[in-house]
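Participant: 3D, please:
(chains A and B)
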Amino acid sequence: MPEKKRRPKPIWIARDLSRCSGCRKCEIACSLFHEKRIWPEASRIRVFMLIPGVEFPHFCAQCEDHPCVQACPVEALRVSERTQAVLVKSDKCIACGKCIDACPGRIPHMHPRENHILICDLCGGKPQCVKVCQEGGWNVLEAVPRVNRAYKLYARRPEEITRDLAVKMYGAKAEEFI
Amino acid sequence: MNARAPIMGYAGQFLEIDLPTRNIAKQPLDADLLKDYVGGRGLVTKILWDRLGAEWQTIDPLGPENILLFFTGPLTGYFPGGRICVSGKSPQSNGVVGSTVGGELGVELRCAGYDGVVVTGEAETPCYLFINDSDVEIRDANHIWGKDAKETTRILTKECREVLRQRFPKYGEIKQPAILYIGPAGENRVRTAIVAAKWTHAAGYGGYGAVMGSKKLKAVVARGTGPLPEAADIKKVKRLIKMVCDNAYEHKLWRRWGTGAAGYEVGAKTSSEPVRNWQEEWHDEMTFGVDRFEDRVWIKQFWADFGCPTCCLKIAMVKTGKFKGAITDNPDYELQAYLGTNLGIFTPEENVFLASVVDDLGLCGIQTGNVLGFVAELFQREILTKKDLDDIEPKWGDVEAFAALAQKIAFREGIGDLLAEGTYRAALSIEKTKRVDVMPYVVHAKGIGIGAHGIRSGKDYPHNISYVCSVQGGDHTSTTALPLRGPGSEVWSIFDDSAVYCNFNGFGVKRKSKFDFYEAVTGLDLTLEEWYDVKALRILQMQRAMLLLGGPDLKWDSEKHDDNPPRFYEPLPSGPYKGRAAQRAKVKEDRKRYYKEVGWDRSGIPKAETLRKLGLQDVDRELNKIRRGDQGKRKR
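Facilitator: Residues are numbered from 1 along each chain as shown, chains lettered A, B, ... in the order given. The predicted structure follows:
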């Protein structure tokens, strides 16, 4: 039977950060997919643990207005029409870091060995991080249809997220660890 | 990435840090060495032997001549559940313990381009090691000396990220580096001090926190931005990772409870849990059930180290009452037992509190529970009094008294100075001053307090000679059994600890698959026969040799010390297996069989022919030192 070719609808990765175990399978899966190696620091999704117990994945929130794309001086960034993900043209990128400063969450980071920025590309619409997170039953990450919602709220700095999650987890005691 | 890597899956070099001269060197690792000794426990054993073997008996584990090693293995970061092996001459057994700890340091080190770190000498002032890829520095640690686990973690995370932010202003956000540290206990050379990670993880057995403290090395911090050393067959590795994870995912309650269900079950069901210093091994205290931990104190049910599908760790916090604010992991079974039932403590809140005290001080939960149980029994028997114990009265269940004693141990204050030597050494001193035989109350093997799995009921995994013949003494993660190729034999732990991954994620995974994993990463064939008959045996013999050479403060006489603690021969006084005990005649018989199978002579010393067959002529020569001494005494 011939497969029906349906164009996949754009997705957004919903995230429930306080469920994160810190297993970093998302980093492993992402780097295996993009780099064909286990390479945590070259992963487009990175797990921060600034306080033990307070682990969470930090990756592109796919803002509605894409401030990173607007900030790029050399048009190395564009928005995929198909997936709505931000795509990096690594040969055009001059590693100036302007996209990092433009991102409310300072989410993009440099490739540790090559001269270009790294931003989640949703693996072309089938994100590997979501797959492994679901396999493990953690369900921190979930692919949902992309509709008109305030995704930008999720573009936050690691310190801010850490503070919130730490207080949620450890209560007033969290102040001692921040 | 590393052109020098002689074998796939390895970085091919280690860092050699000489603290007195502050010299930092990158040393290549020879391909044959890696083939024969794999990594982790195997490799540290070989390095220790080569460097210290000839003077082993005179080396003070807490002196500048001891060396401290941190080694990964080829499977670190690949096999789900990252760990690292810490070693040196053990201040507990005077032998070698391959003490592994979870956390990300192993992965960061490998991504930075190193298989391990060797630290020699003693620093003049407190310092820590900061490894960022090829940049390696020895940094001042005066400001964190004396700090507890949580403060040390907080300050180092902040400080090292700040350094990197300044160094790489355009990089983007800098993640946390991985940290191994010691608490005050290690600084004060307490023999039961841990090398720790992430507040609660510990390399406990061996007492390497004290070695680190003697070197004035507060922490090792590492960040690696490279990939893991390239695997020979990454597609196969991917398949194997999936297989190991799927296996773990099937064990739903194991994931849900971790070892936290055992605090009740090992007592109530298998009757092999230490209760009141092993006077009993059975309890039926439902207040200590996993449901209570789950409902009352677990605030994070699934907590993982790198790549881990199991998440046996949980984070616990006391939210109300006297111990409000205490945070630790589960506690896992060992600490539920040793800082719970063994001290007559049967509530999650008190257990979490005491575990958090021990974590913060950088003490080993197992060894500390062992020595505190011993003290409490001496107090119960009025051998030690309130006066001897600086006005503390360690009655069973009095968690605050035990916390006060732990504090004294970590700072070597008053009675703590004696107890900081560990149960066996403390007992030797108490015998002298009190002129009473206290050995019946010491539960150790080779100076290492025995893990919380008793042998008397016969229902748990260790048996007659599991601890008796182990080269790592009381270490419950490296027990042994007959036959040598069978399940439960120490040669298997040697593989886990040398390839360096979490054995918990290996539960239910076939041995063959673990060797396949090794092959997929390294590209090297390894048959079961080769492992059992040659490689593992070689490591085992070397560890045994160093354990028997021992010194300088204590030496083990096989006849006397290849034995269970006296308590294991006392009939269980309670529970479904009441009356059961280890049988001396059977233990002796099994020990004899074990000696024979492993190639040791009647006094438990590896035979010349055994060693020659394994190419260990140099070990054989050194053992003549104790063979001669022994022959004079031997009557048989």
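Participant: show me what the biggest helix by length in chain A is packed against.
Facilitator: In chain A, assigned by DSSP state H, the helix with the most residues is helix A:158-170. In terms of contact count using 3 or more C-beta pairs under 8 Å, 6 or more residues apart in numbering or on different chains; DSSP states H and E, helix A:158-170 is assigned the packing partners strand A:46-51, strand A:54-58, strand B:298-303, strand B:313-317. Yep, even glycine has a C-beta here, placed from its N, CA and C like the rest.
Participant: neighbouring strands for the helix or strand containing B:Ala219, and are they parallel or not?
Facilitator: Secondary structure here is read from DSSP states H and E; on that basis B:Ala219 sits in strand B:217-223. Strand B:217-223 has the following sheet partners, assigned by DSSP bridges: strand B:127-132 (parallel), strand B:178-181 (antiparallel).
Participant: dump the ones you listed to a markdown table, plus mean pLDDT.
Facilitator: Putting the strands paired with strand B:217-223 into a markdown table (pLDDT from 0 to 100) gives the following:
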| stretch | mean pLDDT |
| --- | --- |
| strand B:127-132 | 98 |
| strand B:178-181 | 98 |
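Participant: single out the most deeply packed of these.
Facilitator: Among those, judged by mean count of other C-beta atoms under 10 Å in any protein chain shown, the one packed with the most neighbours on average is strand B:178-181 (a mean of 28).
Participant: gap between that strand and the chain center?
Facilitator: In this view, strand B:178-181 has its centroid 16 Å away from the chain centroid, taken as C-alpha atoms, centre = their mean, to the nearest Å.
Participant: check stretch A:139-157 too.
Facilitator: The gap between where stretch A:139-157 is centred and where its chain is centred comes out at 10 Å by C-alpha atoms, centre = their mean.
Participant: any idea how far the spatially closest residue to B:Glu187 that is not a sequence neighbour is from B:Ile366?
Facilitator: Spatially, and ignoring its direct neighbours in sequence, B:Glu187 is nearest to B:Gly213 (4.5 Å; C-beta to C-beta, 6 or more residues apart in numbering or on different chains). Here the criterion is C-beta to C-beta, to the nearest Å. By it, B:Gly213 lies 19 Å from B:Ile366.
Participant: with neighbour numbers in mind, choose between these two.
Facilitator: For B:Gly213 and B:Ile366, the more surrounded residue by other C-beta atoms under 10 Å in any protein chain shown is B:Ile366, and the numbers stand at 29 against 25.
Participant: what is the burial count for the residue in chain A that chain B sits nearest to?
Facilitator: Using C-beta to the nearest C-beta, the closest approach of chain A to chain B is made by A:His109 at 3.0 Å. The tally of other residues near A:His109 (other C-beta under 10 Å) stands at 24.
Participant: quick one, what contacts the closest residue to it other than its chain neighbours?
Facilitator: Nearest-residue entry for A:His109: B:Gly172, 3.0 Å, with adjacent residues in sequence omitted and distances by C-beta to C-beta, 6+ apart. Shown here is B:Gly172, whose contacts under the criterion C-beta atoms under 8 Å, 6 or more residues apart in numbering or on different chains are A:97, A:100, A:106-110, A:117.
Participant: make CSV from these and add distance to B:Gly146, pLDDT and secondary structure to it.
Facilitator: Compiled in CSV, the contacts of B:Gly172 are given as follows (distance: C-beta to C-beta, whole Å; pLDDT from 0 to 100; DSSP: H, G, I helix; E, B strand; the rest coil):
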residue, distance to B:Gly146, pLDDT, secondary structure
A:Gly97, 39, 97, coil
A:Ile100, 38, 98, helix
A:Arg106, 34, 98, coil
A:Ile107, 38, 98, coil
A:Pro108, 40, 98, coil
A:His109, 35, 98, strand
A:Met110, 37, 98, strand
A:Ile117, 42, 98, strand
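Participant: and which of the residues you listed is nearest B:Ile241?
Facilitator: When the contacts of B:Gly172 are compared for distance to B:Ile241 (C-beta to C-beta), A:His109 comes out closest, at 24.8 Å.
Participant: what residues are up against the nearest residue to B:Gly422 once chain neighbours are set aside?
Facilitator: In space, and not counting its chain neighbours, B:Gly422 is closest to B:Arg191: 4.5 Å by C-beta to C-beta, 6+ apart. By C-beta under 8 Å, 6+ apart, the residues touching B:Arg191 are B:91-92, B:207, B:210, B:367, B:420-422, B:425.
Participant: among the residues you listed, the buried ones, what's the PyMOL command?
Facilitator: The PyMOL selection below is limited to those of these classed as buried (16 or more other C-beta atoms under 10 Å in any protein chain shown):
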select buried, chain B and resi 91+92+207+210+367+420+421+422+425
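Participant: could I get the contacts of B:Arg191 as JSON lines with secondary structure?
Facilitator: Written out in JSON lines, the entries for these read as follows (DSSP: H, G, I helix; E, B strand; the rest coil):
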{"residue": "B:Pro91", "secondary structure": "coil"}
{"residue": "B:Gln92", "secondary structure": "coil"}
{"residue": "B:Gly207", "secondary structure": "coil"}
{"residue": "B:Ala210", "secondary structure": "helix"}
{"residue": "B:Gln367", "secondary structure": "helix"}
{"residue": "B:Ala420", "secondary structure": "coil"}
{"residue": "B:Glu421", "secondary structure": "coil"}
{"residue": "B:Gly422", "secondary structure": "coil"}
{"residue": "B:Arg425", "secondary structure": "helix"}
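Participant: which of the contacts of B:Arg191 lies closest to chain A?
Facilitator: Within the contacts of B:Arg191, the smallest distance to chain A is 22.3 Å, found for B:Gln367 (C-beta to the nearest C-beta).
Participant: tell me the contacts of the closest residue in space to B:Asp620 that isn't next to it in sequence?
Facilitator: Beyond its immediate neighbours in the sequence, the residue positioned closest to B:Asp620 (C-beta to C-beta, 6+ apart) is B:Leu611, lying 4.1 Å away. The contact partners of B:Leu611, by C-beta under 8 Å, 6+ apart, come to B:541, B:599, B:617, B:619-620, B:623.
Participant: neighbouring contacts of the one helix or strand the residue nearest to B:Glu187 maps to?
Facilitator: B:Gly213 is part of helix B:208-214 when elements are defined by DSSP H and E. Residues external to helix B:208-214 that are found in contact with it (C-beta under 8 Å, 6+ apart): B:61-64, B:66, B:68, B:86-91, B:97, B:99, B:122, B:182-183, B:185-196, B:203, B:218, B:362, B:364.
Participant: tell me the buried residues in that helix?
Facilitator: Judged by neighbour count (16+ other C-beta under 10 Å), helix B:208-214 contains these buried residues: B:208-214.
Participant: circling back to that earlier point, what is the mean pLDDT for the longest helix of chain A?
Facilitator: Average pLDDT, helix A:158-170: 98.
Participant: what's across from the nearest residue to B:Phe14 once chain neighbours are set aside in the sheet?
Facilitator: Excluding the flanking residues, the one nearest B:Phe14 by C-beta to C-beta, 6+ apart is B:Gly116, at 4.3 Å. Using DSSP bridges, the beta-bridge partners of B:Gly116 come out as B:Phe14, B:Phe71.
Participant: same deal with the one 4 residues further on?
Facilitator: Beta bridges link B:Thr120 to B:Asp18, B:Ile67, judged by DSSP bridges.
Participant: which residues touch it?
Facilitator: B:16-19, B:67-68.
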